[in-house]
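Engineer: any chance you can model this:
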Amino acid sequence: NNNNNNNNNNHSSAKYFQPALYNETVHEWNKRPFVKETVPCFMSIPWRLQNKIQITRQKIQRRGATDDEQLMLAEMSSPWESKLLFSVQQSALNPNSHYKNIKFVTGRFVSKVYTGDYSNMMDWVEDMRRFVHESTGVDVDPNNPDGRFFVYYPDKPVRGDESTLYSVLFVKVD
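Structural biologist: Model prediction:
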């Protein structure tokens, strides 16, 4: 397993998604800032996600707050709505930045990469629940909307594989 923190800048700044940086990986975050948005869902599958991502990233870029990783996490708190968290630089915390919805994320997270159609999400969540239990001993309930389950939908292709859909599940383990 790799250990990553918010000072590790080798993630998504490249033009390609690198699954190895997220597959079965531990991430330690201490008050990592994110801009919070929401998107409607149907059975945990977000609607118009790409549109929301594009609009929010444009706002972040215009304000000079884009961080190297450009991580976007969907908090799986309800099958009907997801809270979206967009990683930003500390400069987003400037009082003149006009961001009202900053969420600080602290904790240790385990991530795992999945491929395929988003309709497999419920199977992936169950697999991730088992994986977290087996690898950390932590029992998590994906039906309890307590801010433990997140999904990252990479919007950059993997080098040489532009057609595969990737999703990365993150679970807070402490």
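Engineer: pick out the residue nearest the middle of this protein.
Structural biologist: L73 (2.5 Å; CA atoms, centre = their mean).
Engineer: could you pull out the helices for the chain?
Structural biologist: Here the chain has its helices, by DSSP state H, at 49-62, 121-136.
Engineer: got the buried residues for the last one?
Structural biologist: Residues of helix 121-136 classed as buried: M121, W124, V125, M128, R129, F131, V132 (neighbour count, 16 or more other CB atoms under 10 Å). For glycine as for every other residue, the C-beta is placed from the backbone atoms N, C-alpha and C.
Engineer: wait, isn't the first one in contact with S167?
Structural biologist: Yes - M121 is within contact range of S167, at 7.4 Å (criterion: CB atoms under 8 Å).
Engineer: looking at the helices of the chain, which is nearest to D155?
Structural biologist: helix 49-62 (6.1 Å; CB to CB).
Engineer: for this structure, which strand is longest?
Structural biologist: Counting residues, the longest strand found in the chain (DSSP state E) is strand 25-42.
Engineer: just the CA coordinates for it, please, in PDB.
Structural biologist: Presented in PDB, the C-alpha positions along strand 25-42 are these (Å, rounded to 0.1, in the frame of the first residue of the first chain):
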ATOM      1  CA  THR A  25      -4.100   2.800  -1.100                       C
ATOM      2  CA  VAL A  26      -4.100   4.700   2.300                       C
ATOM      3  CA  HIS A  27      -4.600   8.500   2.300                       C
ATOM      4  CA  GLU A  28      -3.900  10.600   5.400                       C
ATOM      5  CA  TRP A  29      -5.600  14.100   5.300                       C
ATOM      6  CA  ASN A  30      -5.400  16.800   7.900                       C
ATOM      7  CA  LYS A  31      -8.000  19.600   7.400                       C
ATOM      8  CA  ARG A  32      -7.700  19.200   3.600                       C
ATOM      9  CA  PRO A  33     -10.000  21.900   2.000                       C
ATOM     10  CA  PHE A  34     -12.700  21.000  -0.400                       C
ATOM     11  CA  VAL A  35     -15.400  23.100  -2.100                       C
ATOM     12  CA  LYS A  36     -18.800  21.500  -1.400                       C
ATOM     13  CA  GLU A  37     -21.600  21.200  -4.100                       C
ATOM     14  CA  THR A  38     -24.500  18.800  -4.600                       C
ATOM     15  CA  VAL A  39     -25.900  16.800  -7.500                       C
ATOM     16  CA  PRO A  40     -29.100  14.700  -7.800                       C
ATOM     17  CA  CYS A  41     -28.900  10.900  -8.000                       C
ATOM     18  CA  PHE A  42     -31.000   8.000  -8.800                       C
END
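Engineer: understood, closing this out.
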